[in-house]
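Student: Turn this into a model:
(one chain, ligands or ions: 3)
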Amino acid sequence: MPLVTTKEMFEKSMKEHYAIGAFNINNMEFIQAITEAANEAKSPVILQVSSSAIKYAGLKYLMKMVEAAVEENDIPIALHLDHGPDFETCKMCIDAGFTSVMIDGSKYDFEENVSLTKKVVDYAHSKGVVVEAELGKLAGIEDEVNVSSNDAMYTDPDQAEEFVKRTGCDSLAIAIGTSHGAYKFKGEAKLRFDILAKIKEKLPNTPIVLHGASSVIPKLVEMCNENGGNIPGAKGCPNEMLKEAGEKGVSKINVDTDLRLAMTAQIRRVFNEDPSIFDPRKYLGEARKEIKSTVLDKINNVFCSANKA
Ligand code: G3H
Ligand code: 13P
Ligand code: ZN
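Tutor: Ligands and ions are numbered 1, 2, ... in the order given. So this is what the prediction gives:
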């Protein structure tokens with residue numbers, strides 16, 4: 001089947017109370033691992049591309065590789081722009097064949113966010129593409145997605161209702177305590193499920209998106225550190241909380257950090273265990289396997305989207 005939008009997958013996920021994984025892709029190994037895992041689990045899946053991934057791999061290469069994955073697998077796959085920074089980037093991706101874009105206006109004030117999002121929605125909808133918007137600010141620091149933790153600001157449920165009404169966006173990313181990267185919580189992990197419940201009460205038919213939702217898998221952090229890495233004290237969002245989020249109305253859960261860790265942990269392990277290796281297929285092959293099993297575990301045991309394709 002061709003690339004799909006997220007419309008139908010979100011409708012079903014809201015009815016049946018589970019979430020769909022949105023996994024960031026940067027090269028062939030990620031695309032293969034994620035789509036093979038989703039195919040094996042018979043789960044819908046969202047492949048997402050940030051603007052820095054576009055800078056790294058090139059839009060044409062990413063499109064062609066995703067096209068190949070769509071041909072190779074028989075599941076609903078959506079191609080999504082992650083954290084679209086401006087109208088032009090969203091338009092470029094829509095024109096290139098993405099089925100979904102995010103316009104991240106969370107760095108602007110409410111009115112500016114509304115007008116930028118509305119502009120993207122009008123263009124996207126005229127082309128049959130859906131739009132994710134963001135209201136509220138995530139804590140944490142991650143590459144180009146950069147908000148200091150002092151600025152952390154939860155999404156206001158009343159504003160969320162007004163925002164969706166005025167922009168016509170198809171899904172909404174909210175801030176309830178997650179953050180990007182490998183250091184999510186200083187003390188105990190905590191998500192504001194009370195805010196999620198209020199938002200769902202006001203917007204029962206709007207798919208809700210959770211960014212910064214890697215669990216920062218301890219086994220992978222350990223594997224990195226045991227093999228020469230230096231990422232002490234990394235801490236993510238516990239799986240039980242993510243599962244609860246899926247059951248309570250979050251339809252899309254974003255994962256990048258965990259797949260970066262999966263790739264890095266295996267590459268480090270192979271290099272450390274056998275310094276004579278220099279065939280990239282040997283270490284990238286192990287990395288691809290680890291990414292695949294990471295995605296499979298999330299689909300089967302955390303997001304609960306297996307057999308929903
Ligand atoms: O949420 C952000 C993603 O992890 C993308 O990060 O801009 O480094 O590709 P990136
Ligand atoms: P993590 O850094 O928790 O993987 O979040 C990724 C993300 O939100 C992509 O938009
Ligand atoms: Zn994000």
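Student: now the residue located most distally from the centre of the chain: how far from Val120?
Tutor: Most distant residue from the mean C-alpha position of the chain: Ser276, 35.8 Å away (Cα atoms, centre = their mean). As for Ser276, its distance to Val120 is 51 Å (criterion: Cβ to Cβ, to the nearest Å). No exception for glycine: its C-beta is placed from N, CA and C like everyone else's.
Student: quick one on the thing from earlier: need the three-state assignment for the residue farthest from the centre of the chain.
Tutor: When the structure is split into helix, strand and coil by DSSP: H, G, I helix; E, B strand; the rest coil, Ser276 lands in coil.
Student: Just to be sure, Val101 is in a helix?
Tutor: No: residue assignment for Val101, taken from three-state DSSP, gives strand, which places it outside any helix.
Student: which residues does it bridge with?
Tutor: Note on Val101: beta-bridge partners by DSSP bridges are Leu81, Val131.
Student: Tell me which residues touch it, please.
Tutor: Residues touching Val101, when contacts are defined by Cβ atoms under 8 Å, 6 or more residues apart in numbering, comprise His80, Leu81, Gly84, Cys90, Cys93, Ile94, Val120, Ala124, Val129, Val130, Val131, Glu132.
Student: so Glu36 touches Lys292, yeah?
Tutor: Yes: Glu36 is within contact range of Lys292, at 5.7 Å (criterion: Cβ atoms under 8 Å).
Student: These two - which one has more neighbours?
Tutor: When neighbours are counted by other Cβ atoms under 10 Å, Lys292 comes out ahead of the other of Glu36 and Lys292, with 22 against 19.
Student: For Ala22, give me its contacts.
Tutor: With Cβ under 8 Å, 6+ apart as the criterion, the residues that contact Ala22 are Val45, Ile46, Leu47, Gln48, His80, Asp82, Val209, Lys252, Ile253, Asn254, Val255.
Student: for Ala306, same thing?
Tutor: Ala41, Lys42, Ser43, Ile299, Asn300.
Student: tally of neighbours for Ser293?
Tutor: With neighbours defined by other Cβ under 10 Å, the count for Ser293 comes to 13.
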